[in-house]
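Q: Sequence first, then the predicted structure:
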Amino acid sequence: MKLRNHSRTRHALLGACSLLALAGLPTAAFAETGASASVSDDAAAGSDGGDAPGDVIIVTATKRETSLQETPIAISVVGEQQLKDQHVFSLIDLSDGSVPSLRVATFEARQSALTVGIRGIVPFDQNQVAREPGVGVYLDGVYLGRSQGLNSALFDVQRVEVLKGPQGTLFGRNTEGGALSIVSRTPTGEFGGRMSAGVGNFGQYNGEAHVDLPAFKDFALKFDGLIQHQDATVENPASGQYGWNYFNRVGGRVSGRWTPLAGLTVDLAYDQAKDENTPFYSQLINYNPQGRPVGTYVGSTLTYNGANCGAANPCIAPLAPLVEVSGDRRMRVADLGVIQQPSVDDTHGFMTAIGYEISPQLEVRSITAWRGVETHQWDGSAGAHRSVFVPNGQFGRYSLSELYQHQFSQELQLVGTLPNLDFVLGAYYFNEHVREAAATPNPLQWNATGTAYTFVNQFPPDATAPITSANQGWDRNYWYVQRDSQAVGKSEAVFGQFTYTPPSFDFAHLTAGARYTHETRKGALTVINNAPFADGTLDYSNSRVDPMITLSADVTPDTLL
């Protein structure tokens, strides 16, 4: 098993004493095994992230608790200590590249929606209701259906498992690239708690509190709360308007564990979070670290001083005619003020997980969940540097969207162990309802000479006239709706996976499995350019079988092939 360290700098210096601990520059560490990387909460491994003797890294990638070393899946695990070292409060904090092949990024410049990619499988324009991701994100075994709301606060995470794809057999829908599985800590039944807080530049502050209550009549409760705040890193010169890269995330979670009978465990949890944020600033800076001269194109050939550019005559390509470079470093204050208010994501969810051990070798499980997200997007990143000047023209595209989604899911599992055979059998159901509307007004206008600009379009010029592209406002009551769409998606599946270890060759393991899935998605694009649209129906139905087979061998106690 390999262990590698990756250093990372952050804006904030987080301080503590007693409940608050002084932290320097954090170190992101993870371990690799076979074709995978991992660190668990049990492998806290000391301050240097080293590999402590006797560490056993436990994962649940195969729907059962197994040692990572014995799990024949390409899997990366960020454990509790690494989450603490990296100050991970939300998924965007995993965007630093510390986990191989995992890509976490905002959609466009918006912090209100994340795209998660693994092994180069990255969704395109996933925020639209008819589209699906290529990587499934799971919270305590519950699939999260939308990219909106993914950047909400994470509550007392025990570990994050990154399963390289495809993972269609056990995890199912939309896992061609893989699955990102977030595992939360459960109530302990013993009184205890911890708090941490920190401050930093750009007005940063954050804090979290976790409290376990003692069990009462076989029932234990746990409370988690979190807040994360940052002021804008690029100021908006417009009076009363928010700057860019501002966020304020707050949320809470209450969870309970009931153990009324021997072998029966009932876990309940409800969480709610609010994420207010503004987009990143869109600015193209000049980057020419080697100081190479700018060439010119002769036809399709790049030349400089009459010779073709190449190793003997290095040069860089000229800018495209419409590209405007805005200095050689990030702006602290934008050169033009724009209309900008925070986007707001509200997420909530309730889940119950029931596990009953029929015998020491057989357990039945049920995971039931209701979740929802409501997003109001106000993206003013397209200000000064993404619009061509037109006398008397409007500019500064304000990308507006509102989305409402709720989902229900139910999964049943039968997990067992026989002599020389481990198995998982299951059934799954998912139902999602989602609706989204969008508008893109230009709320700024140049004067005829280009010496000044004004704010326009909160309300239409003529509030009594019909809404048109020239008579609209960014106030929701006066949107010129570019699109309005809705969809209902359903998924039903049955699956099974078996691992056989021959008694005479206990170093070898054969795993085989399959999943049958039937998917439907019905919906409609009802409005285009603020007019009814009759031809935008969606009626998708498909069934498929995803098989898998894996042969693994314990070459040595520390090497799995």
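A: Yep, that arrived. Numbering: from 1, shown residues only.
Q: Only C-alpha atoms from now on, for both contacts and neighbour counts.
A: Will do.
Q: Please compute how far stretch 177-196 lies from its chain's middle.
A: Taking the mean of its C-alpha atoms, stretch 177-196 sits 18 Å from the chain's own mean (C-alpha atoms, centre = their mean, to the nearest Å).
Q: Just the CA coordinates for that stretch, please, in CSV.
A: The C-alpha coordinates for stretch 177-196 follow below in CSV (Å, rounded to 0.1, in the frame of the first residue of the first chain):
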residue,chain,number,x,y,z
GLY,A,177,-17.7,7.6,-14.8
GLY,A,178,-18.1,6.3,-11.3
ALA,A,179,-19.7,7.2,-8.0
LEU,A,180,-18.9,9.7,-5.2
SER,A,181,-20.2,8.2,-2.0
ILE,A,182,-20.3,10.5,1.1
VAL,A,183,-20.6,8.6,4.4
SER,A,184,-21.7,10.5,7.6
ARG,A,185,-21.0,9.7,11.2
THR,A,186,-23.8,8.1,13.1
PRO,A,187,-24.9,8.7,16.7
THR,A,188,-22.7,7.0,19.3
GLY,A,189,-25.1,6.8,22.2
GLU,A,190,-22.5,8.4,24.4
PHE,A,191,-22.4,12.0,25.5
GLY,A,192,-19.8,14.0,23.7
GLY,A,193,-19.2,16.7,21.3
ARG,A,194,-16.6,18.9,19.5
MET,A,195,-16.5,22.3,18.0
SER,A,196,-14.1,24.2,15.8
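Q: Give me the buried positions along it.
A: By 16 or more other C-alpha atoms under 10 Å, the buried positions in stretch 177-196 come out as 177-183, 186-189, 195-196.
Q: Ok, stretch 439-453 next?
A: Under the neighbour-count criterion of 16+ other C-alpha under 10 Å, stretch 439-453 has 439, 440, 441, 442, 443, 444, 445, 446, 453 buried.
Q: okay, now residue 176: neighbour count?
A: For residue 176, the count of nearby residues is 20 (other C-alpha atoms under 10 Å).
Q: Revised request: answer the last question for residue 318.
A: When neighbours are defined as other C-alpha under 10 Å, residue 318 has 13 of them.
Q: Distance of it relative to residue 283?
A: Note on residue 318: its distance to residue 283, by C-alpha to C-alpha, to the nearest Å, is 18 Å.
Q: Residue 353 too?
A: Using C-alpha to C-alpha, residue 353 is found at 46 Å from residue 283.
Q: same deal with residue 76?
A: In terms of C-alpha to C-alpha, residue 76 sits 34 Å off from residue 283.
Q: who's more crowded, the two?
A: Ranked by neighbour count (other C-alpha under 10 Å), residue 76 and residue 283 place residue 76 first, with 28 against 20.
Q: Give me the below-cutoff pLDDT ranges for the stretch 401-550 of the chain.
A: The stretch 401-550 of the chain contains no residues with pLDDT under 70.
Q: Take the buried residues of stretch 439-453 and lay them out in TSV including secondary structure and distance to residue 365.
A: Shown next, in TSV, are those (DSSP: H, G, I helix; E, B strand; the rest coil; distance: C-alpha to C-alpha, whole Å):
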residue	secondary structure	distance to residue 365
439	strand	44
440	coil	47
441	coil	50
442	coil	53
443	coil	53
444	strand	56
445	strand	60
446	strand	63
453	strand	62
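Q: thought residue 493 was touching residue 425?
A: No: using C-alpha atoms under 8 Å, residue 493 makes no contact with residue 425, being 11.1 Å away.
Q: In the stretch 1-150 of the chain, where is pLDDT below threshold?
A: Along the stretch 1-150 of the chain, the model assigns pLDDT under 70 to residues 1-55.
Q: how about residue 268, secondary structure?
A: Under DSSP: H, G, I helix; E, B strand; the rest coil, the three-state class of residue 268 is strand.
Q: just checking, it touches residue 349?
A: No: counting by C-alpha under 8 Å, residue 268 stays clear of residue 349, with 10.8 Å between them.
Q: Please enumerate the strands of the stretch 101-250 of the chain.
A: Secondary structure of the stretch 101-250 of the chain by DSSP state E, counting those that start in this stretch: the strands cover 102-107, 110-118, 135-139, 142-144, 157-164, 178-184, 192-200, 205-212, 219-230, 247-258.
Q: my bad, should have said the stretch 251-400 of the chain
A: Counting by DSSP E, counting those that start in this stretch, the stretch 251-400 of the chain has strands at residues 264-277, 296-298, 301-304, 307-308, 343-359, 362-379, 394-395, 399-418.
Q: now the last one against strand 343-359, angle please.
A: Same thing as strand 399-418. Put simply, strand 399-418 runs at 10 degrees to strand 343-359, going by axes from the mean of the first three to the mean of the last three C-alpha atoms, to 10 degrees.
Q: Where does pLDDT dip in the stretch 151-300 of the chain?
A: Along the stretch 151-300 of the chain, the model assigns pLDDT under 70 to no residue.
Q: Please repeat the previous calculation with a cut-off of 80.
A: Confidence mapping of the stretch 151-300 of the chain against pLDDT under 80 gives the ranges 151-153, 173, 283.
Q: so what's the closest residue in space to residue 258 that isn't next to it in sequence up against?
A: Spatial nearest neighbour of residue 258, excluding adjacent residues (C-alpha to C-alpha, 6 or more residues apart in numbering): residue 219 at 4.4 Å. Residue 219 sits next to 189, 256, 257, 258, 259, 260 when contact means C-alpha atoms under 8 Å, 6 or more residues apart in numbering.
Q: shouldn't the second one be in contact with residue 267?
A: Yes: in this structure residue 256 lies within contact range of residue 267 using C-alpha under 8 Å: 5.8 Å.
Q: Distance-wise, check residue 359 relative to residue 415.
A: Distance from residue 359 to residue 415, by C-alpha to C-alpha: 11 Å.
Q: Counting neighbours, show which residues of stretch 305-323 come out buried.
A: 308, 309, 315, 316.
Q: hmm, who's touching that stretch?
A: Under the contact criterion C-alpha under 8 Å, 6+ apart, stretch 305-323 has outside partners 292, 293, 294, 295, 296, 297, 301, 302, 303, 304, 388.
Q: Repeat the analysis, applying 10 Å as the threshold.
A: 284, 288, 290-298, 301-304, 325, 385-388 (C-alpha atoms under 10 Å, 6 or more residues apart in numbering).
Q: Repeat that for stretch 465-472.
A: The contact list for stretch 465-472 (C-alpha under 10 Å, 6+ apart) reads 439-443, 456-464, 473, 478-482, 529-531.
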